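1. Just to be clear, the model below is a prediction. Sequence and coordinates:
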Amino acid sequence: MEKYETEILVAGGGLAGVCAAISAAREGRKVTLIQNRGVLGGNSSSEIRVWVCGATKHGVNRYARETGIMGELFLENQFRNPQGNVYHWDLLLLEKVKKEQNIQLLLNTEVVSVDMKSDGEIQSVTTRTQGAERESQFFANYFIDCTGDGLVGASAGAHFHIGREAANQYNETLAPKEEDGELLGSTLLFYTKDVGEKVKFIAPPFAKKITDTSIIKNRTLNPADKGCAYWWVEWGGELDTIKDNEAIRDELLAVVYGIWDHIKNSGEYQADSLDLEWVGTLPGKRESRRFIGDYVLTQQDIENQTAFEDRIGFGGWSIDLHPATGMYTESAGAVHVVADGIYHLPYRMLYSKNIKNLFFAGRNVSASHVAFGTIRVMATCAILGEAAGTAAAFAIDKNCTPREIYQLHLAEYQQRLLKNDASVIGLANEESKDKVKTAKLSATSTLRELNTSSATMHARRLDQGVGVLFPYVGQESIEILVEANQFTQMEVVVYSTGRKENYIPQKKISSQTIQIDSGERQYKRVMLPKIENQNVFIIIRENSQLSVFMSDTVIPGVLSFIHDPIGELSQPELHNYARKSPILEWTNQKINRQNLVFKTESKTIYQPEKIQNGFVRPFGDPNIWVSSLESSQEEILTFSWEAPVTLTEVAITFNDDVNEDLVNLHHHRTNFDVIPEIIKDYEIWLSIDGKDVLVEKVRNNRVRHRVHQFSKQSADKLVVKLLETNGSRFKSLYEVRAY
């Protein structure tokens, strides 16, 4: 048996494991990543092909797309793979891991045993590599279990739970009265294609006759559907999803071929030229073991959006619970509870309560069955992986246990996450070493007015209510462009949005009725109440005699909406929402990158000092510097100090419009391969002894977060020249750091 030593061992190569390994490696630690399949990506890989969903909930949540490593993957996949080819996604993940020199990657390698020390620590894991007749033993300081099923932790004796907890255990209204062993089931997906000629299908003898099952009565079959549209082909929740995996696979495969047989051969569908392109053979598991950490996330934490002191990430998918009977259920395929926006995730759910050197990430983290219903989606699993990987590296730096990070080093660990642009909301950069904190800052231009008019604006009749959200900083009024074909009235209601991470009409502040004369384009003034600075959500009520105008002018912090409830609310056979929110009623994505035409002062919203405020995404405020809207020339940001400072590194966080919903296999498409607001070309200059020196010249940038390192320099001025965007009319930045 071969023996190896590493600092951090990550077991499991799904998105949680990939992000854990990359984050730890980037912290300079030696990492071994073990994956029991031949590809990375877990449920998102070409073997299973589930969309990578996350906090955006397909655009339901605003400004909710993940950043950090998961954000990198989204943006790069958008550029390389606009068609959503799953093999390109496989390749991107493999490339990202192989690029990190500190990662030793072992594919087709399964953990077969775990060796313990006498004091409750894991000493090593033994692995077997399929097809190579090779056994290896890996010794490590810390172990991160990202296997989904929790193989390493369970073998080590880590406390875990399987099944549904009783309602009184965590006081959860969605939990059953009595504890039971029911789980979310597993799914097999399939893809079809139109080959342009008649294709026959002969069903295998083991295919289910769908007309003999409840499926045909309770689910809708559509020959145009494929892939994740068949998420409801789910089964196994009444079994052991680990030990009974093969039986679950066989049942799912029989149903998939039965569905296809019915579509092809029943005569009820126009499917003559459709052919099977791919059928999964590896079930996509939803649930199995969930470990017990120092904190167990619960239903109330999601609904109340608990602002944990140890927050290390966020989620936003609904609590999405499926019946254990899966596709054979007579009721809705999913019961949902949705919060009013994103919710926070605590660090204490990422390490074992009883194994001293065990972290975990992905779908096996410390959460109740109910809370698990939302954190199980892969982009959320990925950010938990990044947080766990960073924590393991940090624990080596501090020579401490995972628990001691929380007890002794929490703030410093969180600052490490923020420096890496991890997906944390509501915490600010407070690093004293960041020289930008003490710099005097100026910009060549700043946006002074919110004005969304454009040459291509068009009228929209108010057959539905419309809304607009923007930052209120003491403006007296807002002027809205309207037109009417007869005398009418415009009913306007002003709401506050509540929590800083929420973008809903939460509390009514004022209302007014405005007289509108017959006539074309006319601005009408809406008075704003005097309130504390915050986002406001203004609703214009439905009135078919009145039209507003929409334009393609995009301004950070400004979002427009139509009153158009999401489609899931009209699909009771699939979706039952036990808790609703205005986020389900007011849709932004259907008019994405369009805005209600209005104008008002912007005052202090976008001043250069926002670069220094420590936030790198919207949180109550856009937290971003924005140039004038028509910025055809270069924009220059100048950071100056009274006395020279020593610099070796400059980090820049660009505006990648985290409201834009991206999915790896393209549940939908955008009109661009690169987010337009990202700065494409830029330069970094230093003033050294009165001489301007170019230290970095970047062309064709398409990423959000860039770190530039150079030889030590003593400078009294840092200049960032923004030359060109990837299509935006304005230039913008969240943050510049200098060390």
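-> Looks like it came in fine. Numbers count the residues shown, from 1 in each chain.
2. Can you tell me what sits against stretch 164-173?
-> Contacts of stretch 164-173 with the rest of the structure, by C-beta atoms under 8 Å, 6 or more residues apart in numbering, involve 175-183, 296, 298-300, 368-370. In this view, the C-beta of every residue, glycine as well, is placed from N, C-alpha and C.
3. switch to 10 Å and redo it
-> For stretch 164-173, the surrounding residues in contact (C-beta atoms under 10 Å, 6 or more residues apart in numbering) are 161, 174-184, 237, 287, 290, 296-301, 303, 319, 321, 324, 337, 367-372, 578-579.
4. avg pLDDT for it?
-> Stretch 164-173 comes out with an average pLDDT of 98.
5. can you pull the buried residues of that stretch?
-> Buried positions in stretch 164-173, judged by neighbour count with 16 or more other C-beta atoms under 10 Å: 164-165, 167, 170, 172.
6. just to revisit the earlier point, among the contacts of stretch 164-173, which ones are in helices?
-> 299-301, 303, 369-372 (DSSP state H).
7. Of the residues you listed, just say which sits nearest to Arg29.
-> Nearest to Arg29 among the ones in helices among the contacts of stretch 164-173 is Phe372, at 29.1 Å by C-beta to C-beta.
8. ok so, going back, if any of the ones in helices among the contacts of stretch 164-173 are buried, give me the PyMOL selection for them.
-> To isolate the buried members of these in PyMOL, using 16+ other C-beta under 10 Å:
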select buried, resi 299+300+301+303+369+370+371+372
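9. Just put the ones in helices among the contacts of stretch 164-173 in TSV and tack on distance to Asn533.
-> As requested, the ones in helices among the contacts of stretch 164-173 are exported to TSV (distance: C-beta to C-beta, whole Å):
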residue	distance to Asn533
Gln299	33
Gln300	30
Asp301	28
Glu303	27
His369	41
Val370	36
Ala371	33
Phe372	37
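10. what's the domain layout of the chain?
-> Per automatic domain parsing, the structural domains of the chain span 2-160+292-317+338-419, 186-279, 435-446+606-738, 449-601.
11. how long is the last one end to end?
-> Chord length of domain 449-601, first to last residue, is 5 Å (C-alpha to C-alpha, to the nearest Å).
12. What's the mean pLDDT across that domain?
-> Computed over domain 449-601, the average pLDDT equals 95.
13. Pull the contacting residues for the residue nearest to His667 when sequence neighbours are not counted.
-> Distances taken as C-beta to C-beta, 6 or more residues apart in numbering place Trp51 nearest to His667, at 5.3 Å, with adjacent residues excluded. Residues counted as contacts of Trp51 (C-beta under 10 Å, 6+ apart) are 43-44, 58, 84, 227-228, 231, 377-379, 663-667.
14. buried stuff in the helix or strand containing Val494?
-> Applying DSSP states H and E as the criterion places Val494 in strand 488-496. For strand 488-496, burial by neighbour count (16+ other C-beta under 10 Å) applies to 488, 490-496.
15. How about stretch 703-723?
-> 704-706, 713, 715-723.
16. ditto for stretch 312-329
-> 312-329.
17. ends of that stretch, how far apart?
-> Termini of stretch 312-329 sit 37 Å apart (C-alpha to C-alpha).
18. rewinding a little: of the buried residues of stretch 703-723, which pair is most distant in space?
-> For the buried residues of stretch 703-723, and using C-beta to C-beta, no pair is farther apart than Arg704 and Asp716, which are 29.0 Å apart.
19. which stretches of the chain form helices?
-> Going by DSSP H, the chain shows helices at 15-26, 68-80, 86-99, 151-156, 167-170, 215-218, 245-265, 299-303, 369-375, 378-398, 402-408, 410-419.
20. Arrange these in TSV, one row each, with distance to Gly519 as further columns.
-> Output for these, formatted as TSV (distance: least, C-beta to C-beta, whole Å):
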stretch	distance to Gly519
helix 15-26	55
helix 68-80	44
helix 86-99	53
helix 151-156	69
helix 167-170	59
helix 215-218	53
helix 245-265	55
helix 299-303	47
helix 369-375	49
helix 378-398	48
helix 402-408	63
helix 410-419	52
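21. winner for burial among those?
-> helix 15-26 (a mean of 31; mean count of other C-beta atoms under 10 Å).
22. what's the burial count for the closest residue in space to Val195 that isn't next to it in sequence?
-> Once flanking residues are discounted, Val195 sits nearest to Asp275: 5.0 Å by C-beta to C-beta, 6+ apart. Residues lying near Asp275 (other C-beta atoms under 10 Å) number 17.
23. who's Asp275 bridged to?
-> Lys193 (DSSP bridges).
24. right, and it touches Ile263 too?
-> No - between Asp275 and Ile263 there is no contact under C-beta atoms under 10 Å: 11.4 Å.
25. Identify the contacts common to the two.
-> What both Asp275 and Ile263 touch, as defined by C-beta under 10 Å, 6+ apart, is the set 192, 201.
26. Figure out the length between the terminal residues of stretch 97-111.
-> 20 Å.
27. Stretch 496-516 too?
-> Start-to-end, stretch 496-516 (C-alpha to C-alpha) is 25 Å.
28. What residues sit buried inside that stretch?
-> Those would be 496-506, 509, 514, 516, for stretch 496-516 by 16+ other C-beta under 10 Å.
29. which of these sit farthest apart?
-> Glu501 and Ile516 (35.4 Å).
30. re the thing from before, go through the helices of the chain and name the closest to Leu596.
-> Closest among the helices of the chain, using C-beta to C-beta: helix 68-80, at 27.0 Å.
31. tell me the angle of that closest one relative to helix 15-26?
-> For helix 68-80 against helix 15-26, the angle by axes from the mean of the first three to the mean of the last three C-alpha atoms, to 10 degrees is 110 degrees.
32. Just the mean pLDDT for helix 68-80, thanks.
-> 98.
33. got the CA positions of it in PDB?
-> These are the backbone C-alpha positions of helix 68-80, laid out as PDB (Å, rounded to 0.1, in the frame of the first residue of the first chain):
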ATOM      1  CA  GLY A  68     -16.200  33.500  -5.000                       C
ATOM      2  CA  ILE A  69     -15.200  30.300  -6.800                       C
ATOM      3  CA  MET A  70     -18.800  29.400  -7.700                       C
ATOM      4  CA  GLY A  71     -19.100  32.800  -9.200                       C
ATOM      5  CA  GLU A  72     -16.000  32.300 -11.200                       C
ATOM      6  CA  LEU A  73     -17.400  29.100 -12.600                       C
ATOM      7  CA  PHE A  74     -20.700  30.700 -13.600                       C
ATOM      8  CA  LEU A  75     -19.000  33.500 -15.400                       C
ATOM      9  CA  GLU A  76     -16.400  31.400 -17.200                       C
ATOM     10  CA  ASN A  77     -19.000  28.800 -18.300                       C
ATOM     11  CA  GLN A  78     -21.100  31.700 -19.600                       C
ATOM     12  CA  PHE A  79     -18.300  32.800 -21.800                       C
ATOM     13  CA  ARG A  80     -17.000  29.400 -23.000                       C
END
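34. measure Glu303 to Glu100 for me?
-> 38 Å (C-beta to C-beta, to the nearest Å).
35. circling back to that earlier point, which among the helices of the chain is found nearest to Val125?
-> Going by C-beta to C-beta, the one of the helices of the chain nearest Val125 is helix 151-156, 6.3 Å.
36. about what we covered before: which of the buried residues of stretch 703-723 sits closest to Val736?
-> If you rank the buried residues of stretch 703-723 by distance to Val736 using C-beta to C-beta, Val720 comes first, at 6.1 Å.
37. bridging residues for the closest one?
-> Beta-bridge partners, per DSSP bridges, of Val720: Leu637, Ile684.
38. residues in contact with Asp661?
-> Contacts of Asp661 (C-beta under 10 Å, 6+ apart): 53-62, 64-65, 74, 588-589, 592, 667-668, 670.
39. Quick one, which of these are buried?
-> 53-62, 64-65, 74, 588-589, 592, 667, 670.
40. Can you list which of those are found in strands?
-> In strands, judged by DSSP state E, none of those are found.
41. show me the contacts for Tyr87.
-> Contacts of Tyr87 (C-beta under 10 Å, 6+ apart): 39, 45-46, 81.
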